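Chemist: sharing a sequence plus its predicted fold:
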Amino acid sequence: MIGLISATSAGAAARDRLAAAWPERTRVYEGPVGDAVRAAFAECEQLVCFLATGAVVRLVAPLLGDKTSDPGVVCVDEGGRFAVSLIGGHGGGANELAREVGESLGAEPVVTTATDAVGLPGLDTLGFPVEGDVAAVSRALLDGEPVALQAEFAWPLPALKVTEGDAGYSVRLTDRLVDAAEREVVLRPPSLVVGVGASKGAPVDEVLGLIEGVLRDAGLSAASVAELATVDAKSEEAGIVGAAARLGVALVTYSAEELAAVEVPNPSEAPLAAVGTPSVAEAAALVQGGELLVPKRKSERADGLPAMATCAVVRRPARGRLAVVGLGPGARDLLTPRAKAELRRASVLVGLDQYVDQIRDLLRPGTRVLESGLGAEEERARTAVAQARKGQAVALIGSGDAGVYAMASPALAEASDDIEVIGVPGVTAALAAAAILGAPLGHDHVSISLSDLHTPWEVIERRVRAAAGADIVVTFYNPRSRGRDWQLPKALAILAEHREPTTPVGVVRNASRPDESSRLTTLGSLDPATVDMMTVVTVGNTATRDIAGRMVTPRGYRWQTAEEGAQ
């Protein structure tokens, strides 16, 4: 929960705007400011104070305990111009909160944490448990000193300014039970899955003690346990549920049929009779694949009674991460926050050289950039998938929306279920052009590419004729190039068989970019020679009108009154 505190009417107005925007996340604290700050500090994970930073410093100073547990605090000035991350930038999430508050209120986020200020990911913000000398290694990264990455297996990390081989400082990625050396940070990836079986009524302490003992004996860190896994029949077994809760990990379950299909080294008749599968612990740990590090072990009871719990440990295979990111039509303010976050998260960026240039300044130091020129789409897709299969965090970029005439299709044709794929939507050229023209897409519409480099013209013509006959608004992508100058006139002639010469047509070139241009013409007046590959052409349907210089397609619905709807 985010506590909101203000002292003046101007501050209260901004506070109420934020509360309205985030009703489920915020709580407004009224009354004397000092009392409100103290109450929110004790009760909330984060605070946004619409007060002077000096005043907030004096109020929270006596309350500070430890940066790992103190709430994050953001200050917003009376004019609503700045959102300042004051304390708890990483541990309390204040840096990210300042950015979110800034986006919501139109304020400039102010972040002074050293790593964030220069675009380096904080070692304590990677989403993994971290041990060791975080301050010293972070300082070395900031100072440009050699820092080695010692990864015992591949895992999709964001870009880090690290070197290969020996260095004075190191970042070690491991799930082994090791102590961080001097000038070393140990990252604990969520690489371990613990399969668990238990008899009815098995005590939490017995289940948890078995898991912790098995991990310790195997030299594995409990901080790298991603989940406990068991059979569906044990989804509510108190001992298993309680052990997962005390470890702070998810409990996942599988059907007996799924587990029975898993080949295990130690099947048993007992679980087969009890729950319908010859293995619970080993099969549940192995069902998603991986390396069996610890075969089935039984708990040991001091009273000499039979064991009530079993467990097995698997290191799951690292799944590389491929984010297919739409950059929008070109303007930076039409690049979505999610797209920016994925660009910062990537350690490898793959894209067309001119698109890379658009967002190069958003990449973290150390990001490896693999760029190529026009016409290499399939090569870029293969490269991105190959890098993800190596366990990297990859961003594959495309203009507009990456799923619309862009990189998502060839990438997903190459990818299989051995990597994680994330799609990040972007503003398409059709949408950007439509916003400039007015509301041409107010009813059913279709986008058709006139490029016959990959699609036979016969197929394209059939689609154009279908759209023409169905009276659908059409946006043409790739309408005309130096080597393809007849396709657009042909497509317009097909539409003209079904629409009047006065049908509005919108022509937008370089939508949202500095050299943007647009004009509204008609189907009978459009000169195809004025169109190029940087242009999208939107042809209205028979209901589309030019209204005050704007292209408008009515929604076409018959709105009912309350009486009509009740009949």
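Modeler: Yep, that arrived.

Chemist: so where's the stretch 151-300 of the chain uncertain?
Modeler: For the stretch 151-300 of the chain, the stretches with pLDDT under 70 are 164-166.

Chemist: can you give me the strands in it?
Modeler: Taking DSSP state E, counting those that start in this stretch, the strands of the stretch 151-300 of the chain run over residues 169-173, 184-187, 192-198, 225-231, 250-254, 291-298.

Chemist: quick one: name whatever helix or strand follows the longest one.
Modeler: Spelled out, that is strand 291-298. Using DSSP states H and E, the helix or strand that follows strand 291-298 towards the C-terminus is strand 309-315.

Chemist: next, the angle from that next one to strand 291-298.
Modeler: 170 degrees (axes from the mean of the first three to the mean of the last three Cα atoms, to 10 degrees).

Chemist: can you list the strands that the next helix or strand after strand 309-315 pairs with?
Modeler: Once strand 309-315 ends, the next helix or strand along the chain (criterion: DSSP H and E) is strand 321-326. Partners of strand 321-326 in the sheet, by DSSP bridges, are strand 393-398 (parallel), strand 420-424 (parallel).

Chemist: how far away from the center of its chain is the shortest one?
Modeler: Spelled out, that is strand 420-424. Put simply, strand 420-424 sits 7 Å off its chain's centre (Cα atoms, centre = their mean, to the nearest Å).

Chemist: what comes up buried for it?
Modeler: Residues 421, 423, 424 are the ones in strand 420-424 that count as buried (16 or more other Cβ atoms under 10 Å). All C-beta atoms are positioned from the backbone trio N, CA, C, and that covers glycine.

Chemist: residue contacts, the first one?
Modeler: Going back to what we said before, that points to residue 421. Going by Cβ atoms under 8 Å, 6 or more residues apart in numbering, residue 421 touches 322, 323, 324, 411, 412, 415.

Chemist: which of these sits closest to residue 60?
Modeler: Nearest to residue 60 among these, counting by Cβ to Cβ, is residue 323 at 37.0 Å.

Chemist: give me the distance between the two termini of stretch 19-27.
Modeler: 7 Å (Cα to Cα, to the nearest Å).

Chemist: and it, which residues are buried?
Modeler: 19, 26.

Chemist: now do it: everything it contacts.
Modeler: Outside stretch 19-27, the residues that reach it (Cβ under 8 Å, 6+ apart) are 1, 2, 3, 4, 18, 28, 40, 43, 44, 48, 104.

Chemist: among these, which are located in strands?
Modeler: Of the positions in the contacts of stretch 19-27, 2, 3, 4, 28, 48 sit in strands, assigned by DSSP state E.

Chemist: helix, strand or coil: sort out the closest residue to residue 530 other than its chain neighbours for me.
Modeler: Once flanking residues are discounted, residue 530 sits nearest to residue 507: 7.2 Å by Cβ to Cβ, 6 or more residues apart in numbering. Recorded secondary structure, residue 507: strand (DSSP: H, G, I helix; E, B strand; the rest coil).

Chemist: state the mean pLDDT of stretch 452-471.
Modeler: Stretch 452-471 comes out with an average pLDDT of 94.

Chemist: rewinding a little: turn the buried residues of strand 420-424 into a markdown table, columns for pLDDT.
Modeler: Below are the buried residues of strand 420-424 laid out as a markdown table (pLDDT from 0 to 100):
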| residue | pLDDT |
| --- | --- |
| 421 | 94 |
| 423 | 95 |
| 424 | 95 |
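
Chemist: residues touching the residue lying closest to residue 197 once chain neighbours are set aside, list them.
Modeler: The shortest distance from residue 197 to any residue other than its chain neighbours is 3.5 Å, reached at residue 280 (Cβ to Cβ, 6+ apart). Contact analysis of residue 280 by Cβ under 8 Å, 6+ apart lists 195, 196, 197, 230, 231, 234, 259, 271, 310.
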